[in-house]
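Colleague: Need a 3D model of the sequence below.
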Amino acid sequence: MARPSTPNDPAPAAPGTPGTPGTPTIPGATLATSTIPTPATLVTERWELFHRWGPLALLAFGTLLSAATSAVVGMGRGEWTVAVVLVGVAVVLQVRWIGAARSRPGPSRSGTAYYFVRWGLAFTLAWLNPFFVFYAVTGYFGSERLLTRRLVPAGLFATAVTMAGAQAGGLPPHGRIGWVVFGAMLGANVGLITVFAHIANKEEERTRFQERTIDQLEAANAALQQAMDENAALHAQLLLQAREAGVADERRRLAAEIHDTIAQGLTGIIAQLQVVANTPDQELAREHLDRATALARHSLGEARRSVHNLAPVALEHDSLPKALRKTVREWGDRTGVRADFTVTGTGKPLHEEVEATLLRIVEEALSNAARHAAPTRVGVTLSYMAGEVALDVRDDGRGFDPLALPARTRTGGFGLRGMRARAERIAGALSVESESGGGTAVSARVPLVGDEH
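Modeller: Residues are numbered from 1 along each chain as shown. Next up, the predicted model:
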């Protein structure tokens, strides 16, 4: 049987836990960790005051009522002498316990002895005068803080016996009616103890549930904080990787632009200068010098635009089909190779990045044909289809065996790698078909993305 709960009695906690009714509180100890006391702290401190001084106050009150009613209950001089002695013993017991309880927190043998000695004094005093029952009521309070769990029911029952005797008119009960009333009062007290004990147990379960919930919330909060820290670290790592990827992508872009502008321009300039060096015809030499000069200026402008990531000069004022037609015609004039350009489907403005990519692929394919294929005819076809744009560059040159390329250039050399990378950068694809003596066909397929401007 557990003790009944009281309106202001906090739920019991583990022995030795600071700030609970089961542990004496040293004045000022609670404020050592917090300058502003909480409501729970104030309640705990008040209960500690009651456990220390409450028995003395109730003893004094019971003594006054007993003195005032001694004639009514028929107390003689001898009974009063015994009562005075017992009251003095009770006072000494309580004063000594106040000092001893500071060093003995929680249930102990000394606490058990104190509880039952106090009950014995209260029982004897209530036997002498029922109004001493006010001192006996202290047995309902603090049973769990003084007694072990096994002895709590016995202590509460002993207190209920004392209370029932006083409520029935005094001990011992007189006659059958007195015993009946005593039994009824004892049953009522035990019933109230049981009800209050049940309420206290439910409150204790609720408190434990709240503590578990708080622990779970703290654990979840710690896990969330750890996840946030890991996410922040991952975010920083992704930013670093994105920065590095951006730098690498910019380097690849500049490398491809240099290859497609300066390298091709220098190749063309060298070809024109070789013609000048090998011809005695002054007019022909001047014509090729003019071409070399124009090609140098064009390459310089393209290099500058590449550094600033601007659209090629050919697309600055012309549409993609016009720019491709002009590029193919100028390449044919420089190389003396027949070059045809064809457009199929319904043309429409494309995103500037798509147009620049297709133009660079054509320039690189034509440059490769001039350097390696020795063709007599080249055909370039731009096809607008549903959802994509196709670009095909075919020549009837000497061709090559892709499997016979060196391992370092198995993908087709820097030029073919650059064309493939350009197509893939805009979610497209590039394929190369060639065989020795059978010519070469370069085919690019890119999404049809319109110009948003």
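
Colleague: what helices or strands is the helix or strand encompassing Glu205 leaning on?
Modeller: In this assignment (DSSP states H and E), Glu205 forms part of helix 175-258. Helix 175-258 makes packing contacts with helix 152-167, helix 282-307, helix 413-425 when contacts are defined by 3 or more Cβ pairs under 8 Å, 6 or more residues apart in numbering; DSSP states H and E. Glycine gets a C-beta too; all of them are placed from N, C-alpha and C.

Colleague: Next, format those helices as TSV and append distance to Ala373, mean pLDDT and mean neighbour count.
Modeller: Converted to TSV, the helices and strands packed on helix 175-258 look like this (distance: least, Cβ to Cβ, whole Å; pLDDT from 0 to 100; neighbours: other Cβ atoms under 10 Å):
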stretch	distance to Ala373	mean pLDDT	mean neighbour count
helix 152-167	104	84	21
helix 282-307	20	72	15
helix 413-425	12	80	19
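
Colleague: of all those helices, which lies closest to Val276?
Modeller: Of all the helices and strands packed on helix 175-258, it is helix 282-307 that lies closest to Val276, at 4.5 Å by Cβ to Cβ.

Colleague: following the closest one, which helix or strand comes up?
Modeller: Next element after helix 282-307 (DSSP H and E): helix 314-317.

Colleague: quick one: buried residues of that following helix?
Modeller: Ala314, Leu315 (16 or more other Cβ atoms under 10 Å).

Colleague: swap in stretch 107-126?
Modeller: Buried residues in stretch 107-126 (16+ other Cβ under 10 Å): 107-108, 111, 114-116, 118-119, 121-126.

Colleague: before we move on, what about stretch 189-197?
Modeller: Buried residues in stretch 189-197, counted by 16+ other Cβ under 10 Å: Asn189, Val190, Ile193, Phe196, Ala197.

Colleague: can you redo those as TSV with distance to Leu240?
Modeller: As requested, these are arranged in TSV below (distance: Cβ to Cβ, whole Å):
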residue	distance to Leu240
Asn189	75
Val190	74
Ile193	70
Phe196	65
Ala197	64
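
Colleague: hmm, back to that, which stretch among the helices and strands packed on helix 175-258 comes nearest Gly347?
Modeller: helix 413-425 (19.7 Å).

Colleague: For His288, give its distance to Ala233.
Modeller: 62 Å (Cβ to Cβ, to the nearest Å).

Colleague: need the helix or strand of the protein with the lowest average pLDDT.
Modeller: When the helices and strands of the chain are scored by mean pLDDT, DSSP states H and E, helix 282-307 comes last with a mean of 72.

Colleague: Outline the domain layout of this structure.
Modeller: 30-172, 319-453 (automatic domain parsing).

Colleague: closest to Ala184 out of those?
Modeller: Ala184 lies closest, by Cβ to Cβ, to one member of these: domain 30-172, at 8.0 Å.
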